[in-house]
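S.K.: One predicted model, sequence on top.
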Amino acid sequence: MTAAALARSFAVGGAARPLASAVLGIAVALGTAALLVLLSGRNPVVAYLALLGGAVGTPDRVAVALNKATPYLLTGAGVALCFRARIVNIGAEGQIALGGLAATWLALRLPQAPAVVLPVLCALAGAGAGAVWGGLAALVRLKRRVHEVLVTLLLNFVGVLIVGEVLHGELGEPGAGFPQSPLLPAAGWLPRLVRGTDLHVGILVAVAAVVACHLVLWRTPFGFRLRVLGASEGAARYAGIGAARATLSVMMLAGALAGVAGAIEVLGVHYRLIEGFSQGFGFAAVSIALIGGLSPLGVLPAGLFFGFLESGALAMQRAVGVPTPLVSVIQGLTMIFVLAAMALSAARARV
Amino acid sequence: MSVETALVELLAAAVRIATPLFFAALGGILSERAGVFAVGLEGMMLAGAFGGVLAGHLAGSAAAGLAASVAAGVLLALLVAVATVRFGADQMVTGLAVNILAVGLTSFLLRGFAARGEAATLRVPVLAAWPVPGLAEVPVLGVVLFRQPPLTYAAVVFGVLIAVFLARTRAGLTLRAVGENPAAAFAVGVEPARVRLAAVLACGALAGLGGAVLSLQQVGTFTDAMTNGRGYIALAAIIVGRWLPGGTLLGCLLFGAADALQLRVQSLRLPVSSYVIQMTPYVVALVVLAGLGRSARLPAALGTPFRRE
Amino acid sequence: AQGGKVAMLLPGSINDQSWNAAGYGGLQKLKEQGMETAYSENVQAADHIEAMKDYARRGFSPVIGHSGRFLSAAQRVGPEFEKTLFVVGSGSGGQGKNVISLDLANEQFGYLAGALAARMSKTGKIGAVAGLEGLPNMVASMGGFRLGAKSVRPDVEVRIVYLQSMEDPAAAKEAAFSLIGAGADVVGGKLNAGHAGLVQAAKEKGVWTIGRSFGHTQIAPERVLTNINEKWSEVYATAVPELIAGRLHGPYIAFGYDTRGTTGGELRYSPEREFNAGVPPAVVAELEAIKKKLASGALRVKPTKDDARSGA
Amino acid sequence: MLAMRGIVKSYGAVRANRGIDLDVPAGAIVGLLGENGSGKTTLMNVLYGLVRPDAGSATFRGRPLPLGSPRAALAAGIGMIHQHFMLVPAMSVTENVMLGWRAAGSWLRAAAIAERIVQASRAYGLELDPGAVVGMLPLGLQQRVEILKAVLRGADLLILDEPTSSLSPPEVTALLAVLRRLRDEGRSVIFISHKLGEVLEVCDEVVVLRDGEVAGRRAVAGASREDLARLMVGRDLPPPVERASRAPGAEILVVADLHACDAAGVERLRGVSFSVRAGEIFAIAGVDGNGQAELAEVVGGVAPPTRGSVFVDGAEIVGGVATRLAAGVAHVPADRASVGLVRDMTIADNVVLRDVDRPPFCRRGWLDRDAAREAARRGIEAFDIRAEGVDVPVRTLSGGNQQKVILARELGRGPRVLLAVQPTRGLDPGATRFVIDRVRALRDGGAAILYVSTELEEILGVADRLAVMHAGRLVGVMRPADADLTRLGLMMAGALEEPPDAAALYGVLA
Ligand SMILES: Nc1ncnc2c1ncn2[C@@H]1O[C@H](COP(=O)(O)OP(=O)(O)OP(=O)(O)O)[C@@H](O)[C@H]1O
Ligand SMILES: Nc1ncnc2c1ncn2[C@@H]1O[C@H](COP(=O)(O)OP(=O)(O)OP(=O)(O)O)[C@@H](O)[C@H]1O
Ligand SMILES: [Mg+2]
Ligand SMILES: [Mg+2]
């Protein structure tokens, strides 16, 4: 069933067009940025070769990109489900923060726990904390009718400050040069997937979550309800769909996914909680969900693309020495041009 | 220090913090009421802040700085408008992308223009306060309202103009209709794309001025990413104010007051860390809004591209 | 001149006239010494490890993380690249042989600044704006500031406000206004790009301030008493060759008035002068005396978290 | 006055217009007829500029009319009343009228325009509160806004695309009078309607479309309903199925003292009690907006009552839509566009909209899409829905075909109770006949049917017992045989009230 659907989603007829336009968009973006690279006194060809090499040049680089993509996939899939139900959830940043916090707290509490169990427990703790934070936003939305954009945005700030506070206090490593927790017990670290690289099992979790979200959205009554809710409030009421329950569920689900992402960042990348570790993931999740067409399977290419682009661009910056701001320029331009090209081709396809 | 002076101080601070937010929010109101998410406010503000300092520095005049702030905001808005209105790219992602782009581009250009890739600093004199003769001497209100630098007065003027424009003119009605139901507007002879283009450009101009408040009026220099999330706060203020200039002004002031309060509460030596106290503005905003419990309705076509058959 | 390749990771933008600019200045110094250099700005937490590894793999050594926040990553990466030296500017420790923290004796400069501020205050109230409460170097700087102020004038009121971001000049200005509004007539602090806002506030309100670079003096020549000029260029220029040569050993090396090679930092108004002309000679002399005590080890400043607390 | 030539418009594989010529003389009312999906709306949208044709041209008053721009059409003097209302729900009536209208002034003269709306609405018998928010108005009133908006602006050629679908008989009469007045002033009108009576009454000639082509054109004088119907369908309509008379059975649906408020807190139901028996069609007549739609919503569980109860088969049902569905209550809602359908979802999705939790559409927690498609295919077959397949979004269907999707879903459920609000709105005569036959068959199978319509003729034809609703209450209950049009008209206008006794309400009319 899934294989069939997957195949269909990527079938030549379905994916060739958006793929072609995405490539076109990327080309235009890189072309534009090349002028700036040139201005900065570097050779754009050399720079872009370095970008490519930095993205996929060695197994190690691929591992870096996949690790980067992991939180994007998890949060993107959750946000996509929310947006499907027309709930504009921009709260992934705070949910990641608290997910990482909960995972850290548990790992430091259970230093004796065995290696297989501890990461799982910590990820569950992360999921729980993220779900609570997402659910809190949903409750304020539902009970007090404050718009979810506002609630999730404000809760992001609060979530990040909570991390600051616990690192200042209880969970902070005494004497550390930066607000951070002590190193977590090694039993809590995520196992590596490929020896010799940093690739951890997080990417498997992320891909599994994406596929699960796909099934939930397209193959379950719950997903159907989300889609109806997003498409027409009046019809949802008429179909007997409880907006409150669906909103709460999907926000908690997305929160849980973000929480897991936070736990994975802590357990797989940093091995400790660090102030600011969640920065920027919330908006990245929104971008990836939307570029992925609000379809979890669409999040897969979008999230991976972001992971590879980012790791490639940073590697390029380091290798060729183009000014760091150009990394942001390339990212921003790529997003805009890819979107525009894809939207244009979609419009053409419709006519 | 007396309670009264403390209060005056607090209100004056609230006005200062609110001013850049309000400019950006006004722009956001125009854009969103025409149906285009104003997620790019942050980037447009930053562009405005940068353009203002750069031109102010090169031309040596505040007027040139302000004009360049507007131009820079409009330029970025043009990118948003073309991508979203002409091509139908997703508005939210375009906005986020523009914000990323603005950070990189301003930083890159600053070095390019000022120092060939090295660390650079541009400095311009800040816009001085213009006390309103007579009114400035009124106790309390005089300090809070009538001893302001020019852009603060301008913000108020723009607020009134935009409120009137939206409520009382046919063009304003058209703009609102495009944000609610572009098909219906199209059916009475309106070109939704043109309206949206104009609204987004106006948004860029106002957000650019918001950036100018930061760089030209408050700090007198440009530093990388100096808007620091104010564009997002402005977006929040718009929702608080339900897409009305008056309400949005209150939203900005609420946030300004909470932030000003936070700074002052830190001086009280409470038994909590600054991290907790820094939550004040956000928690206050949440609690106040939850207390009011009034729902906000987005313009119905916000975020939806209009394509004719 | 010597060979070698050195890379630096910076947490913010080299344009900040402050922390990152100072670190970048160090890199420039090493370049002048003939080393090949590379750097990345605005390195986010998620990229710390990756960036360090990348430079290490490409043969850079030392790889400098210019902020305590890079210590964690350096400790992670260090064991994997034993031949590479990882230097953490303003870190608080090391690991093995190849992860070393260089730091400034922030408490000493903070102490001097506090003493200066207390002496220059007419109202008996002084203030400071900073970020990242609780961080060791913040505790050192701000705690030192408070202790220094109290040491010369026990009744002085010292208010400290912490901001969420050290890079936000407008917010810093507002924070300074809040201190000035509460009566402070000298405002110091420790911010990055935000510091310019602090100086701007002092300029507008006509109170004294203490900057972090000569750039701040230029903003308000009349109002800047002096700058806590962190001489990271000297620190790196002195320490890095020594480290490479194996003459200097970690894990933690702090530079202050009591160390050889460089004092790590200094109070300096401009290249020509130490203090604003408005600082009375008596105060200058008093500060000089403190400096001597610091240099001789007769005075050891040991601020606690509570000394650096927010509020009065 | 108007000459359209060779208009072609395709949507993908669907050829909505395949080379249509249309002429409209000055001072004439031309009826445009055709089955659902035959291309009427498309043709008019092309004329008005909303839709760009693939080929074809038009001249208006001797000058070429650029197609593809409403602005150009408006400037040339063409106005249009849209089948799918072009209104801004969040705005007031006045704002909707002022939108895009130069006469409203650059500085809006809202008070003056409101005054004009009041006057015009009186003059045309289409009373409206200019300050009301359009989205809060019932469809019938929204239709008045749509009409007023176009009429106030004045046009040399006025296009009306099913303008009467939600109007009551007096409103229709008033509207037709307006059209005649326009004609007498030398203006032209294109009038689209499935109600052949209206067409015969007001049109000078009719043009019939079939499958995107002109199937015929004839003068109305001397034509009969049957003639027109034959022209449209291409064959004679079968005679309606007559029922074998039968005594009403047990009480199935009982409604007791129902009260309800709308979103704005205005009380729309003010104590409604009645019952519907097995094998009975209980019809409710009334001007739209008197609480009929709300009644169906409350009984259907979509909106909560503020007081009162609903019983099915003797058991009170409390709770939302789910409980009604479980009790076998089907519901064809008043608003197909924003309630009855999810326009952006596929036909298959819409057919299972209210049953995704149940087999065969849901098995062991998973959706069975093939089962949904199968059900949709059956619906398309049974209701003759013109669509490219079951996977196209409902939004691409013509208005009448959208309505059929709802009917396929709700009637296909085999309900015990059917709440049908304007079920034949927008359906062509053939489809209307079919639907009524299906409803009757349901009734004959023992279901209880609550049938709401603004159209008296239909009500009299279908009802076993009928009631008039006014201002949230039933103001009269009678057998169709006893109904007298004047009396009904007075009741609908609220000028006459014959408080029904319990026997009438509970279905034992002598
Ligand atoms: N990834 C997707 N993107 C968009 N729509 C999807 C997607 N997956 C499923 N759908 C919806 O489901 C319909 C097709 O699903 P699919 O053909 O996979 O169902 P199915 O035939 O029941 O599957 P299976 O063959 O596995 O039983 C589409 O028309 C669409 O409405
Ligand atoms: N936007 C669209 N996309 C795809 N197909 C469309 C679209 N609009 C109309 N169609 C198709 O064009 C055909 C003609 O539709 P049109 O709305 O003109 O019919 P109509 O005669 O007005 O029908 P009705 O009496 O039901 O209103 C239909 O088959 C319809 O499905
Ligand atoms: Mg039609
Ligand atoms: Mg199948």
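M.R.: Everything's here; your move. As the structure is a computational prediction, the values presented were derived from the model and not from experiment. Ligands and ions are numbered 1, 2, ... in the order given.
S.K.: Tell me who's in contact with the one residue in the stretch 201-312 of chain C that gets nearest to ligand 3.
M.R.: Nearest to ligand 3 in the stretch 201-312 of chain C, going by CB to the ion, is C:A201, at a distance of 66.9 Å. For the C-beta atoms, the positions are set from N, CA and C on the backbone; glycine is no exception. Residues in contact with C:A201 (CB atoms under 8 Å, 6 or more residues apart in numbering or on different chains) are C:A172, C:K173, C:E174, C:A176, C:F177, C:I180, C:V187, C:T209.
S.K.: could you pick out which of those are near chain B?
M.R.: C:K173, C:E174, C:F177 (CB under 8 Å from any CB of the partner chain).
S.K.: Mind checking which of these land in helices?
M.R.: Per DSSP state H, helices hold the following members of the ones next to chain B among the contacts of C:A201: C:K173, C:E174, C:F177.
S.K.: could I get those residues as TSV with neighbour count, distance to D:A467 and pLDDT?
M.R.: As requested, those are exported to TSV (neighbours: other CB atoms under 10 Å in any protein chain shown; distance: CB to CB, whole Å; pLDDT from 0 to 100):
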residue	neighbour count	distance to D:A467	pLDDT
C:K173	28	73	96
C:E174	25	69	95
C:F177	23	72	95
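S.K.: returning to what we had before: out of the ones next to chain B among the contacts of C:A201, who's nearest ligand 3?
M.R.: C:E174 (60.6 Å).
S.K.: circling back to that earlier point, among the contacts of C:A201, which are within reach of ligand 1?
M.R.: With CB under 6 Å from any ligand atom as the criterion, those include none near ligand 1.
S.K.: list the buried ones in stretch D:120-134?
M.R.: Residues of stretch D:120-134 classed as buried: D:A120, D:S121, D:Y124, D:G125, D:L126, D:L128, D:P130, D:V133, D:V134 (neighbour count, 16 or more other CB atoms under 10 Å in any protein chain shown).
S.K.: do stretch C:52-60 as well
M.R.: Buried residues in stretch C:52-60 (16+ other CB under 10 Å): C:M52, C:K53, C:D54, C:Y55, C:A56, C:F60.
S.K.: Take these and lay them out in CSV including pLDDT.
M.R.: Shown next, in CSV, are these (pLDDT from 0 to 100):
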residue, pLDDT
C:M52, 95
C:K53, 93
C:D54, 92
C:Y55, 94
C:A56, 95
C:F60, 95
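S.K.: could you list every residue that touches residue 275?
M.R.: You didn't say which chain, so I picked chain A. Going by CB under 8 Å, 6+ apart, A:E275 touches A:V163, A:G164, A:L167, A:F178, A:P179, A:Q180, C:A45, C:R69, C:L132.
S.K.: Actually, chain D is the one I wanted.
M.R.: Here D:S275 is in contact with D:E251, D:I252, D:L253, D:V254, D:V255, D:L505, D:Y506, D:G507 (CB under 8 Å, 6+ apart).
S.K.: And it, how close does it get to chain C?
M.R.: 66 Å (CB to the nearest CB, to the nearest Å).
S.K.: A:V23: how many residues sit nearby?
M.R.: For A:V23, the count of nearby residues is 12 (other CB atoms under 10 Å in any protein chain shown).
S.K.: any idea whether it is helix, strand or coil?
M.R.: helix (DSSP: H, G, I helix; E, B strand; the rest coil).
S.K.: where does it land on pLDDT?
M.R.: As predicted, A:V23 sits at a pLDDT of 89.
S.K.: can I get the contacts of C:A201 in CSV with distance to A:A102?
M.R.: Shown next, in CSV, are these (distance: CB to CB, whole Å):
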residue, distance to A:A102
C:A172, 33
C:K173, 37
C:E174, 34
C:A176, 37
C:F177, 38
C:I180, 41
C:V187, 39
C:T209, 42
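S.K.: which one of these sits closest to ligand 2?
M.R.: Taking CB to the nearest ligand atom as the measure, ligand 2 sits nearest to C:E174 out of the contacts of C:A201, at 54.1 Å.
S.K.: so what's A:L161 up against?
M.R.: Going by CB under 8 Å, 6+ apart, A:L161 touches B:Y275, B:V276, B:Q278, B:M279, B:Y282, C:Q164.
S.K.: and the strand or helix carrying the fifth one, how far from the chain's centre?
M.R.: Using DSSP states H and E, B:Y282 sits within helix B:280-292. In terms of CA atoms, centre = their mean, to the nearest Å, the centre of helix B:280-292 is found 20 Å from the chain centre.
S.K.: For it, which residues meet the burial criterion?
M.R.: B:T280, B:P281, B:Y282, B:V283, B:V284, B:A285, B:L286, B:L289, B:A290.
S.K.: ok, is that helix in contact with chain A or not?
M.R.: Yes: part of helix B:280-292 sits near chain A under the criterion CB under 8 Å from any CB, namely B:Y282, B:V283, B:A285, B:L286, B:L289, B:A290, B:G291.
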